[in-house]
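Colleague: Here is my input, please return the structure:
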Amino acid sequence: MLSAIVLQAAAGAALGKAGIAIAAALAAFAGAFGISKIGKATMDASARQPESAYGYRLTAIIIAALVEGASLFAILVCLLALNK
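Modeller: Coordinates of the predicted model:
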């Protein structure tokens, strides 16, 4: 009986760690997807109005930095939850 409880607790901990790893991977994927959408929109806007390309590029760099910061924060939260 006691061994069954210990095995269930160990399996639950392993599933929790796997869930945290999946959440970290999903956060990284979401950040990469967001940055790719920003790049695509910037290229489309620059192709339509080449005279405003510098402004689009500057805005895209700032927004991409914010998206990457948010995804890195999400990964950090997952790593902190893993070490808990």
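Colleague: Which helix runs longest in this structure?
Modeller: The helix that spans the most residues within the chain, counting by DSSP state H, is helix 2-48.
Colleague: which helices and strands sit right next to that one?
Modeller: helix 53-82 (3 or more CB pairs under 8 Å, 6 or more residues apart in numbering; DSSP states H and E). (C-beta placed from N, C-alpha, C; glycine too.)
Colleague: other SSEs contacting the helix it packs on?
Modeller: The helices and strands touching helix 53-82, judged by 3+ CB pairs under 8 Å, 6+ apart, are helix 2-48.
Colleague: Could you pull up the mean pLDDT of the helix it packs on?
Modeller: Averaging pLDDT along helix 2-48 gives 82.
Colleague: now it against helix 53-82, angle please.
Modeller: Orientation of helix 2-48 against helix 53-82 (axes from the mean of the first three to the mean of the last three CA atoms, to 10 degrees) gives an angle of 180 degrees.
Colleague: what about the residue nearest to the spatial centre of the chain, distance to L79?
Modeller: In the chain, the residue lying closest to the centroid (CA atoms, centre = their mean) is A27, at 2.5 Å. Distance, A27 to L79, using CB to CB, to the nearest Å: 11 Å.
Colleague: now swap in G34 and tell me
Modeller: Taking CB to CB, one finds G34 at 20 Å from L79.
Colleague: nearest spatial neighbour of the residue nearest to the centre of the chain, skipping sequence neighbours?
Modeller: Of all residues not flanking A27 in the chain, A74 sits nearest, at 3.7 Å (CB to CB, 6 or more residues apart in numbering).
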